[in-house]
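Visitor: I'd like to go over a predicted model; first the sequence, then the structure.
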Amino acid sequence: MDRGCQDCHHFQEVGGITACKNCHPPDAADENLEQPSLKGAYHRQCLGCHQDWSHDTACDICHLKKGQEPTMPMASRSPGSKIAGLTEPVKKVWNSTYGGGTVVTLFHKNHTEKYGVSCASCHHTEGCAVCHAKQEKTAKISHSEEALHAICNTCHAEMSCDQCHLKQEATAFSHSRTGWPLKSYHERLACRRCHGSPTHFDKPASSDCAGCHKPWDEKTFKHERTGLALSETHSDTECAECHINGIYSVAPTCNSCHDEDTAFPASLPGKRLK
């Protein structure tokens, strides 16, 4: 249950999710199938997903006696586990008839790992079996053109058609396109760590270290995190001597201390780390 209400409420209408007991009173008549009791609603909700997910609805999967071992490994009991049939694609490619024949590329793994988009954000109209099922029983979902575009437009409403519909497969986004290539430590971070929002990056992150690292103290900063361990001589040099005006998105300069024959990256102020 650690992923919140959306794990169960994939088909939630617009609006907030109310408490279960507001619709499913604990003392509801068992014979009234239109409004199951709270206990019945829990079971019906769980059984449907487990049937799609593991094809096993044995009671002792959830209800264990004291000291009893579960019939399924605990790692397989979480909806987020890597179970049968769930293979996250790196990218998905569609051939479209738009514009006389175009190609649409979705870099799926980037969306989930770098951009922080949850599964339910896009797959809220699909059942568990679309991803969580044995290969031969995986459900096939066919969206209408309007519904498919609506999923993407949640985040990409301002994009024009030709930004997605190309004549060939697109290339994955690289931070180098922004003029600030990420290296070493920063390339492993999710976008939201610097940009805040998990899906909208309208405001660029500051190139000043203090913009993200608060409080910032250059005396305690470990330069090896950048992939370059400074030599003993350079480790005592102030940051602004190499990074003029505190701008770290451009190559450092050596002119403050050295002649024109010494320049980065031909001459390094230390040792590169693997």
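Guide: Yes, it's here.
Visitor: ok, Pro269 touching Leu228?
Guide: Yes: taking CB atoms under 8 Å as the definition, Pro269 is a contact partner of Leu228 at 7.4 Å. From N, CA and C alone the C-beta is placed, and that goes for glycine too.
Visitor: pLDDT value on the residue nearest to Cys242 when sequence neighbours are not counted, please?
Guide: Sequence neighbours aside, Pro252 is the residue nearest to Cys242 in space, at 3.9 Å (criterion: CB to CB, 6 or more residues apart in numbering). We have a pLDDT of 89 for Pro252.
Visitor: for Pro252, give me its contacts.
Guide: Counting by CB atoms under 8 Å, 6 or more residues apart in numbering, Pro252 touches Cys242, His243, Phe264, Pro269.
Visitor: same check, this time on Trp180
Guide: Ser207, Ser249.
Visitor: what about Gly48, neighbour count?
Guide: 15 (other CB atoms under 10 Å).
Visitor: one step back: for the residue nearest to Cys242, helix, strand, or coil?
Guide: For Pro252, the secondary-structure state derived from DSSP: H, G, I helix; E, B strand; the rest coil is coil.
Visitor: residues in contact with Thr105?
Guide: Counting by CB under 8 Å, 6+ apart, the residues that Thr105 touches are Lys91, Lys92, Val93, Trp94, Cys164, Leu166, Glu169, Ala170.
Visitor: select, from these, the two members most distant in space.
Guide: Within these, Lys92 and Leu166 form the most distant pair, 14.3 Å apart (CB to CB).
Visitor: between the two, which one's more packed in?
Guide: Per other CB under 10 Å, whichever of Lys92 and Leu166 has more neighbours is Leu166, with 15 against 10.
Visitor: show me what the helix or strand hosting Gln51 is packed against.
Guide: Assigned by DSSP states H and E, Gln51 falls within helix 38-53. Using 3 or more CB pairs under 8 Å, 6 or more residues apart in numbering; DSSP states H and E, the elements in contact with helix 38-53 are helix 20-23.
Visitor: quick check: mean pLDDT across the helix it packs on?
Guide: 78.
Visitor: other residues contacting that helix?
Guide: Contacts of helix 20-23 (CB under 8 Å, 6+ apart): Gln35, Leu38, Ala41, Tyr42.
Visitor: now do stretch 146-162
Guide: Tyr98, Gly99, Val117, Ser121, Cys122, Thr125, His143, Gln163, Cys164, Thr199, His200.
Visitor: and for the residue nearest to the fourth one when sequence neighbours are not counted, the neighbour number?
Guide: Closest residue to Ser121 in three dimensions, ignoring its sequence neighbours and counting by CB to CB, 6+ apart: Thr154, at 7.0 Å. In terms of burial, Thr154 registers 12 neighbours under the definition other CB under 10 Å.
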